[in-house]
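Participant: Need a 3D model of the following:
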Amino acid sequence: MSRMGGALLAVGSMSWAVAQWLLVWMFARFAGGADAVGEYALVLSIATPVFTVAQFGLRTVYLSLRVEYPWRTYLTLRVIGTTAATALLIAYFVATEAADPAVWAALLAVKVADLFFDLWQARIQRTNRLAALGVLNIANSVGTIALAGVALATTGSVAVALAASALVSIGVALAGRQLAASRPSESHGDRGYREILRAGAPTTVSESLAAFASYLPVLVLSLLADETLVGVFAAAAYILTFANLVGAILKNVLITPFRQTLESVGEDHVRHRAHRLALGLGAASSVAALTVALFGGPVLRVIYGPEFEMPEVPLILLAVAVIPIASSYIYSTFLNVTHRFSGQAWIWVLALTIGILAGAISAVVGVGPLETACAVALASSWARFGGALILACRR
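Facilitator: Coordinates of the predicted model:
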């Protein structure tokens, strides 16, 4: 049952990534093309890092701490974080008029529901009900695409489609709440606010920096070009998303074997295995990158529409950015099992710094907006890999 549950959980995680891509594809085909995708991508790139900070790393903390503090404490912290993030983003969008109010309001509803679902998932996962968790995630993905598809078919509106997605997210979050509440939780006598926040601080910093780094190319491009070019880039950049998904799944699969190898035969054996796996993944990713560079333009045009074909140079830059992503996750797994948690945050600081520097240099020398965004993605990707590799090689 454990193996089946783990498989269902992996399928559920993959289904959500596929659902997000299908949502972008539907916006491209049925809701206004590149402009619609660009507006959605821009709002997402602003909202996601803020909500990542608001998570306070609570899911990781709840699953990791040996002391089980009262569930009410986790809920209170989640309410505080969600309220603060929502208020901040509403103020930002109202002040800047950066997007259609209906679009960002609907997306905020999705994010709020997902944030509470994330916490309920932690409680379900702690009791090892992985199969149920996988089914919930699959239901969320299928429901999102089905209702958003109906909304787009009837109205052609991104906002209405996101509102439909929000309804699904709310329903799944409520189902997760019911499932989690079916198993009572034991708790320590202390409320544990300080201990939980202290334990979650490293995860909060690392995850927030990672989210910001992931959306940095879109944010940079939004400063240099209109929503149409943002949409073209966002559609093509889903190759980065899927590379990250492959890496994240491998990390989940490998973390236990890496830990067991560390305990049985030592760190050097784990490091050697990490190097071997990273090299193999790098070779496979290079083949995928070559395929993207050679055929990506026509494929993008066929999938999304004629306005989404990307010029050759930015497409090559984006393809090269894909190569080290999965391998970076292998080294990240090694760093986790050897307890080098603070190093992970510094790796993301390096990736952000190099990415911003690449964007600034590209803009100053007059490189085109798409090329600049892809250069940011490439620089961040390889800087992350380089930092993880250097840290992993240190004894």
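Participant: Going along the chain, name the helices of the stretch 251-395 of the chain.
Facilitator: 267-304, 312-322, 325-337, 341-364, 369-393 (DSSP state H, counting those that start in this stretch).
Participant: quick one: which of those is nearest residue 45?
Facilitator: helix 369-393 (11.2 Å; C-beta to C-beta). (C-beta placed from N, C-alpha, C; glycine too.)
Participant: Quick check: which of the helices of the stretch 251-395 of the chain is nearest to residue 257?
Facilitator: Using C-beta to C-beta as the measure, helix 267-304 is the one of the helices of the stretch 251-395 of the chain that comes nearest residue 257, at 8.5 Å.
Participant: Next, the angle from the closest one to helix 312-322.
Facilitator: Following axes from the mean of the first three to the mean of the last three C-alpha atoms, to 10 degrees, one obtains 150 degrees for the angle between helix 267-304 and helix 312-322.
Participant: Who are the packing partners of helix 267-304?
Facilitator: helix 2-30, helix 227-236, helix 238-265, helix 312-322, helix 325-337, helix 369-393 (3 or more C-beta pairs under 8 Å, 6 or more residues apart in numbering; DSSP states H and E).
Participant: hmm, 6 Å instead?
Facilitator: helix 238-265, helix 312-322, helix 325-337 (3 or more C-beta pairs under 6 Å, 6 or more residues apart in numbering; DSSP states H and E).
Participant: coming back round to it: adding mean neighbour count, mean pLDDT and distance to residue 78, write the helices of the stretch 251-395 of the chain out as TSV.
Facilitator: Below are these laid out as TSV (neighbours: other C-beta atoms under 10 Å; pLDDT from 0 to 100; distance: least, C-beta to C-beta, whole Å):
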stretch	mean neighbour count	mean pLDDT	distance to residue 78
helix 267-304	16	93	34
helix 312-322	21	94	34
helix 325-337	24	91	24
helix 341-364	19	91	22
helix 369-393	23	95	29
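Participant: could I get the ones you listed as CSV with distance to residue 37?
Facilitator: CSV is the format used below for those (distance: least, C-beta to C-beta, whole Å):
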stretch, distance to residue 37
helix 267-304, 8
helix 312-322, 16
helix 325-337, 22
helix 341-364, 21
helix 369-393, 14
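Participant: mind checking which of those helices is nearest residue 155?
Facilitator: The nearest among the helices of the stretch 251-395 of the chain, by C-beta to C-beta, is helix 267-304 at 20.4 Å.
Participant: Helix 227-236 and that closest one, what's the angle between them?
Facilitator: 130 degrees.
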